[in-house]
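In: Quick one: sequence and predicted model below, then my questions.
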Amino acid sequence: MATCWSCLGDVVKAGLDAHFCGACKKIQPAPDPNDLFGYLGLPARYRVDEAARSELEARYHELSRKLHPDRFTGASARERRLSMEKTTNLNQTIRTLRDPIKRATTSSPARGASWKRRGEPIRSS
């Protein structure tokens with residue numbers, strides 16, 4: 001658990017719930033912007049079939065609606081900044097996860113793989 005910057009309540013560290021405090025509903029700093037699937041509350045995987053792609057898109061649109069800066073125009077400066085940062089991270093995340101090459105190069109090192117140039121062996125730690 002993490003602690004909310006506003007009410008000091010507990011905040012879940014992963015999944016879609018990690019973006020907002022459960023008690024006061026304030027937007028929270030990104031749990032781990034490097035965990036691209038986790039940012040969307042999904043399990044990490046390289047292969048994204050049609051069902052997974054639909055789920056990925058649905059999560060993206062759901063989170064995009066919740067984090068959009070227009071929803072925070074009357075909020076504090078910190079909330080507006082967090083909304084902008086998280087929306088930027090979300091857009092970068094979806095662009096990466098939609099592209100199989102980018103998805104492979106960003107998700108595989110986290111899972112212990114080592115990618116080499118064509119013709120060289122691929123090692124897995």
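Out: It's in. Numbering: from 1, shown residues only.

In: Now do Val11, the pLDDT please.
Out: pLDDT for Val11: 89.

In: Neighbours of it, how many?
Out: Using other CB atoms under 10 Å, the number of residues around Val11 comes to 23. Where you see a C-beta, it was placed from the backbone N, CA and C, and this is true even at glycine.

In: Which SSE is immediately downstream of the longest helix along the chain?
Out: Selection of the longest helix in the chain by residue count, based on DSSP state H, yields helix 77-98. Next along the chain after helix 77-98, taking DSSP states H and E as the criterion, comes helix 100-107.

In: outside of that next one, which residues touch it?
Out: Leu36, Phe37, Ala44, Arg45, Tyr46, Val48, Arg95, Thr96, Leu97, Trp115 (CB atoms under 8 Å, 6 or more residues apart in numbering).

In: Pick out the most distant pair among these.
Out: Pairwise distances across the contacts of helix 100-107 (CB to CB) peak at 19.5 Å, for the pair Arg95 and Trp115.

In: which of the contacts of helix 100-107 tops the neighbour count?
Out: Leu97 (25 neighbours).

In: What segments of the chain are strands?
Out: 2-3, 10-11, 113-114, 123-124 (DSSP state E).

In: For the residue nearest to the spatial centre of the chain, give its distance to Glu55.
Out: Centroid-nearest residue in the chain, with CA atoms, centre = their mean: Tyr39, separated by 1.9 Å. Tyr39 sits 14 Å away from Glu55, going by CB to CB, to the nearest Å.

In: for Cys7, same thing?
Out: Distance from Cys7 to Glu55, by CB to CB: 31 Å.

In: again with Lys25
Out: Distance from Lys25 to Glu55, by CB to CB: 25 Å.

In: now Ala14
Out: The value you get for Ala14 to Glu55, if CB to CB is used, is 16 Å.

In: do the same with His19
Out: Applying CB to CB to His19 and Glu55 gives a distance of 17 Å.

In: the more surrounded of those two?
Out: More crowded of His19 and Glu55, by other CB under 10 Å: His19, with 22 against 15.
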